[in-house]
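Asks: Structure of the sequence below:
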Amino acid sequence: MSKRIIRIAGNRLRPQLLQLTGQMLNVVQQDGLTYYGQLVQIEKDGFTISDQRNHLHHFVDAELYEIVLDQKAAF
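Replies: Modelled structure (predicted):
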């Protein structure tokens, strides 16, 4: 099974959030901290993910660097 790494950053981030609801993703902050979890909620100024221990982490758009996710390749 091949995978592609998809990086979403900058002004492309907000328009694509709705498509990512329920997916597992890595959230990278401006300071380099990285969180892994499932996107569970989208607010007007940010979003919330749930990690593998069911802890919720809220992120504000201004502190984000990028979102990284794996996508299965078609081949």
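
Asks: first vs last residue of stretch 11-24, how far apart are they?
Replies: 21 Å (Cα to Cα, to the nearest Å).

Asks: Which positions in that stretch come out as buried?
Replies: Under the neighbour-count criterion of 16 or more other Cβ atoms under 10 Å, stretch 11-24 has 13, 20 buried. Every C-beta, even on glycine, is put in place using the N, C-alpha and C of the backbone.

Asks: who's in contact with it?
Replies: 8, 36-40, 42, 47, 61, 64, 66-67, 69-70 (Cβ atoms under 8 Å, 6 or more residues apart in numbering).

Asks: For those residues, work out which two are farthest apart.
Replies: Distance extremes for these: the farthest pair is D61 and D70 at 22.5 Å, using Cβ to Cβ.

Asks: Share the number of residues neighbouring G46, please.
Replies: Other residues near G46 number 16, with proximity taken as other Cβ atoms under 10 Å.

Asks: So the residue nearest to V60 when sequence neighbours are not counted versus E63, what's the distance?
Replies: In this structure, V60 finds its nearest non-sequential neighbour in G46, 4.2 Å apart by Cβ to Cβ, 6 or more residues apart in numbering. Using Cβ to Cβ, to the nearest Å, G46 is found at 8 Å from E63.

Asks: go on, P15?
Replies: To E63, P15 is 19 Å away according to Cβ to Cβ.
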